[in-house]
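K.L.:
Need coordinates for the following:
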Amino acid sequence: MKSPKIAFKLLQVVALTAGVLWPSLSTQASAASIQLIFNHYAGANPVIYDSLRYQNKAGEEWSVTRLSYLVSGLSLQREDGTWISGSDSVAWMNATTRRQTLSQSGVPAGKYQALRFHVGIDPKDNASDPSTRAADHPLNPNLCGLHWSWQGGYIFMALEGLYRTQNGQPEGYALHLARDPYRTEITLRLELDLQNETTIPLVFDVSALVDGVKNISFTKDGATTHSKDGDPLAIALKENLPRAFSSVKNQDQAPDQASEQPKLKPLYLPKKFTPFKFTMGAQFPMPALPNDNPLIEERVQLGTLLFHETALSRDNTISCASCHDQSAALTDPRRFSIGVAGGIGNRNAMPLFNLAWKQAFFWDGRAPSLRAQALMPITDHLEMDESLDQVAKKLSAIETYADAFERAFGSPEITAEKIGLAVENFLLTITSHDSKFDRATRGEETLSDEEKRGFELFMTEREPRMGSMGGDCFHCHGGALFTDHQFRNNGLAISTEDLGRYKVTKASIDRGAFSTPSLRNIAITAPYMHDGRFGSLEEVLDHYSEGVQRTETLDPNLAKHPNGGLHLTKDEKKDLISFLKTLTDTRFTSTSASTKK
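P.N.:
You can find the predicted model right below:
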């Protein structure tokens, strides 16, 4: 066995030739760890995301609603000028959720004079299959929201917001830096003496990205870029990006990102159980299933019974299934659902499929989990209007439930918590992934010419500056799930009676924002929008074509278009609808045994 000293010399040779060093030293006493904290600023102050408060050199007022980017290729430079680097790990930064930390362990202790990283990922990762990424991996599309859907590849940096010229209406900008040539190297000079754990605060100044080597005017230079070859706006962003980053000297700053939580243990797992075989589309990203509520047959079966149980309502007349019709992809064909005693709700019931990929539920995201979501309609006075304690008593009086809870939880005791866990288990298993479009991607069917044109429109950006006149649908409805699960103001007139996400967050930027639904099964889930105002897909496309209302919280990906919307032609609308109809999963709506009692 070689001595550690000799082994280190050999590794140093490898480092100079291959650029890989510190992971091999992670078990040695001389290893240190670093944590980069990316602080997001606009000029001298932290970015504030709720208004048009910044002004560029072109005199335009502008705001930031999204700043999300990928960082890779961390390297450090020794005092002798040599660079060392670890495995090409990737980190995802998201300013609005304060995800801003990159950590690296096993770094050789010593003095360094510079660090280097890239905004963007290497070509191999950029061309990789996103469905293979673990649920918590930064390149999982359902986590980062930066994969470019069916086009392939990742967005390296997304900066979005609104802008306004003097006395003008707010318009949107969406700057998406992507594609291999636009991966940008960032080098920062700083003195480091790494011995143990070291925190390195950095600043990403978004104002320097707009006013940098090349000053950017949204009006003159363009409000959108998708980084096509030779796009002068993308080139300007790449040139400005290195100078937008800087190090912070003499600042002891702890990360704002929440520390990693310990893995939760299963709740009430019975001694004997049968794991449930979870199925999903081959191109779906990996979901983050709850560790404390593993999918087991016994619990799914109980959840199915509870989903159809009318005893959950005060007068024993309605169940969850009463407002979630199997033939309508588990939504309600009525504009508003009818509760006990004829109570009428104020929002359209959302469809219940592919929920394993969501993190917040209901149109306004007020439920942080499916188990919480499952219990809220029970106590809602306009829906089931029953207390959870009374539901537990009623179920305890039904002979079959004691045995069902015993099999699912190892005890016949019935509680509200267990009801929520069982229904969550059941809802997590409901997946829809076998539409005509899916079969076409597998080579089992062929799309018609009209459907193909609709898909091309759906996946093509609308960027007149670069000669691109697509439907621009994929920004919100891209990927295998056909949604990014974000909350957006999609151009409906804002009603003070229902301010959407704002009711939950109290953030002014969320006024009029609602959950982005999946477009899977969209042809059979009418009526549409949170309040069911549109009865047909034709009405929906008319809205996005001519009916978009411009407000200060309108999503930038809609606000960037002319007043009214996309102004689609009659043929374009027809082609888009033809494509949307290919997303209907007839197997799911007619024969899925898991949703039937």
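
K.L.:
For the residue nearest to Thr441 when sequence neighbours are not counted, which residues are in contact?
P.N.:
Among residues not flanking Thr441 along the chain, Gln283 sits closest, at 7.0 Å (C-beta to C-beta, 6 or more residues apart in numbering). Backbone N, C-alpha and C define where each C-beta goes, glycine included. Going by C-beta atoms under 8 Å, 6 or more residues apart in numbering, Gln283 touches 131, 441, 480.

K.L.:
Same check on Lys265?
P.N.:
With contacts taken as C-beta under 8 Å, 6+ apart, Lys265 has the following neighbours: 291-292.

K.L.:
can you confirm it is in a strand?
P.N.:
No - when DSSP: H, G, I helix; E, B strand; the rest coil is applied, Lys265 is found to be coil, with no strand at that position.

K.L.:
And Asp325, how far from Ser63?
P.N.:
With distances defined as C-beta to C-beta, to the nearest Å, the gap from Asp325 to Ser63 amounts to 41 Å.

K.L.:
what does Ile296 give?
P.N.:
Computed as C-beta to C-beta, the Ile296 to Ser63 distance reads 47 Å.

K.L.:
Over to Ala416?
P.N.:
Counting by C-beta to C-beta, the separation of Ala416 from Ser63 is 42 Å.

K.L.:
What values do phi and psi take at the spatially closest residue to Pro270 that is not a sequence neighbour?
P.N.:
Excluding its sequence neighbours, the residue lying closest to Pro270 (C-beta to C-beta, 6+ apart) is Gly410, at 3.7 Å. Backbone geometry at Gly410, expressed as degrees, to the nearest 10, gives phi 80, psi 10.

K.L.:
Tell me how far Gly410 lies from Leu269.
P.N.:
As it turns out, when the distance is counted by C-beta to C-beta, Gly410 lies 7 Å from Leu269.

K.L.:
try Ser89
P.N.:
Taking C-beta to C-beta, one finds Ser89 at 34 Å from Leu269.

K.L.:
Check Gly565 too.
P.N.:
Gly565 sits 51 Å away from Leu269, going by C-beta to C-beta.

K.L.:
before we move on, back to that, which of Ala416 and Ser63 has more residues huddled nearby?
P.N.:
For Ala416 versus Ser63, neighbours defined as other C-beta atoms under 10 Å are more numerous around Ser63 (24 against 17).

K.L.:
How about the contacts made by that one?
P.N.:
When contacts are counted by C-beta under 8 Å, 6+ apart, Ser63 is found next to 49-54, 161-163.

K.L.:
List only buried entries from those residues.
P.N.:
With burial judged by 16 or more other C-beta atoms under 10 Å, the buried subset of the contacts of Ser63 is 49, 54, 161-163.

K.L.:
TSV for the residues you listed, including distance to Gly230, secondary structure and pLDDT?
P.N.:
Formatted as TSV, the entries for the buried ones among the contacts of Ser63 read as follows, by distance: C-beta to C-beta, whole Å; DSSP: H, G, I helix; E, B strand; the rest coil; pLDDT from 0 to 100:
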residue	distance to Gly230	secondary structure	pLDDT
Tyr49	32	coil	89
Tyr54	29	strand	95
Gly161	25	strand	96
Leu162	27	strand	95
Tyr163	24	strand	95
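
K.L.:
Nearest to Thr219 among those residues?
P.N.:
For these, the closest approach to Thr219 (C-beta to C-beta) belongs to Tyr163, at 7.9 Å.

K.L.:
could you list every residue that touches that closest one?
P.N.:
52, 60-63, 170-173, 218-219, 223.

K.L.:
Name the nearest residue to it, ignoring sequence neighbours.
P.N.:
Once its chain neighbours are removed from consideration, Tyr163 has its nearest residue in Trp62; the separation is 4.1 Å (C-beta to C-beta, 6+ apart).

K.L.:
Output the below-cut-off pLDDT ranges for the stretch 201-350 of the chain.
P.N.:
In the predicted model, the stretch 201-350 of the chain carries pLDDT under 70 at residues 249-261.

K.L.:
And the strands in it, which stretches?
P.N.:
Counting by DSSP state E, counting those that start in this stretch, the stretch 201-350 of the chain forms strands over residues 224-225, 245-247, given from the N-terminal end onward.

K.L.:
can you put these in a markdown table and add mean neighbour count and distance to Thr582?
P.N.:
Rendered in a markdown table, the data for those read as follows (neighbours: other C-beta atoms under 10 Å; distance: least, C-beta to C-beta, whole Å):
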| stretch | mean neighbour count | distance to Thr582 |
| --- | --- | --- |
| strand 224-225 | 26 | 27 |
| strand 245-247 | 18 | 44 |
